[in-house]
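Peer 1: Fold the following for me, if possible:
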Amino acid sequence: MEQNVRLEYPRFDPAKGWPDFWIEVAKWEKQNKEPKKQAILEYINEWLNLKGKNKLKSFIAFKHKYVEQLPNDKFSKDFLIKNFNKYNEKFNLDLEYDENLFTKYNVLYMLKLMLKQIDFDLKKEKTEKYKRYTIISNEKL
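Peer 2: Down below sits the predicted model:
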């Protein structure tokens, strides 16, 4: 069962001061990103067909994934046919459904768009010998 609980944005209280306000804002942002993080992990795990103890529990585990390690285009197409609308709506991606274009690169593109909403990104490293992907954080510390 999915919960759509909207947390109220923190209000500045002069009695507590600015440092406490910014701490509350950071907590609020983290709580709002968590459901999307979990949805993205579900997306990745289903696409990579990871189950049980092999499931990714964090984005850190999606590191240096070579294109050859990723599911083939047929599996990726079937995955998108099943899941495209669900994630397109959940993340308000406004992408157009076209089965003829579904490949592993479309799965990666959707993943990249979803990650950007929570201050992460999908970094591509490309050389003459390989192409690989890693999820990185864009959060400012």
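
Peer 1: Counting by contacts, list what the helix ranked longest in the chain packs against.
Peer 2: In the chain, assigned by DSSP state H, the helix with the most residues is helix 18-47. Helix 18-47 is packed against helix 73-90, helix 104-116, with contacts defined by 3 or more CB pairs under 8 Å, 6 or more residues apart in numbering; DSSP states H and E. Glycine gets a C-beta too; all of them are placed from N, C-alpha and C.

Peer 1: List the buried residues in it.
Peer 2: 24, 29, 33, 36-37, 39-41, 43-44, 47 (16 or more other CB atoms under 10 Å).

Peer 1: So which residues make contact with stretch 82-100?
Peer 2: Applying CB atoms under 8 Å, 6 or more residues apart in numbering, the contact partners of stretch 82-100 are 36, 39, 43, 46, 77, 80-81, 102, 110, 113-114, 117.

Peer 1: as a whole number, average confidence for the next helix or strand after the longest helix of the chain?
Peer 2: Downstream of helix 18-47, the next assigned helix or strand under DSSP states H and E is strand 65-66. What strand 65-66 shows for mean pLDDT is 95.

Peer 1: Centre of the chain to strand 65-66, how far?
Peer 2: Distance of strand 65-66 from its chain centroid, counting by CA atoms, centre = their mean, to the nearest Å, is 17 Å.

Peer 1: from here on, count from 38
Peer 2: With the count now opening at 38, the last piece we talked about shows up as strand 102-103.

Peer 1: which neighbours does it have in its sheet, and in what orientation?
Peer 2: strand 168-174 (antiparallel) (DSSP bridges).

Peer 1: Quick one: mean pLDDT over the strand it pairs with.
Peer 2: 95.

Peer 1: got the angle between that strand and helix 55-84?
Peer 2: Angle between the axes of strand 168-174 and helix 55-84 is 150 degrees (criterion: axes from the mean of the first three to the mean of the last three CA atoms, to 10 degrees).

Peer 1: okay, strand 168-174 in CSV with CA atoms only?
Peer 2: Extracted as CSV, the C-alpha positions of strand 168-174 are listed here (Å, rounded to 0.1, in the frame of the first residue of the first chain):
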residue,chain,number,x,y,z
LYS,A,168,30.6,2.5,-21.7
ARG,A,169,29.5,2.3,-18.1
TYR,A,170,27.0,4.0,-15.8
THR,A,171,27.1,5.1,-12.2
ILE,A,172,24.6,6.8,-10.0
ILE,A,173,26.1,9.9,-8.3
SER,A,174,24.7,12.4,-5.8
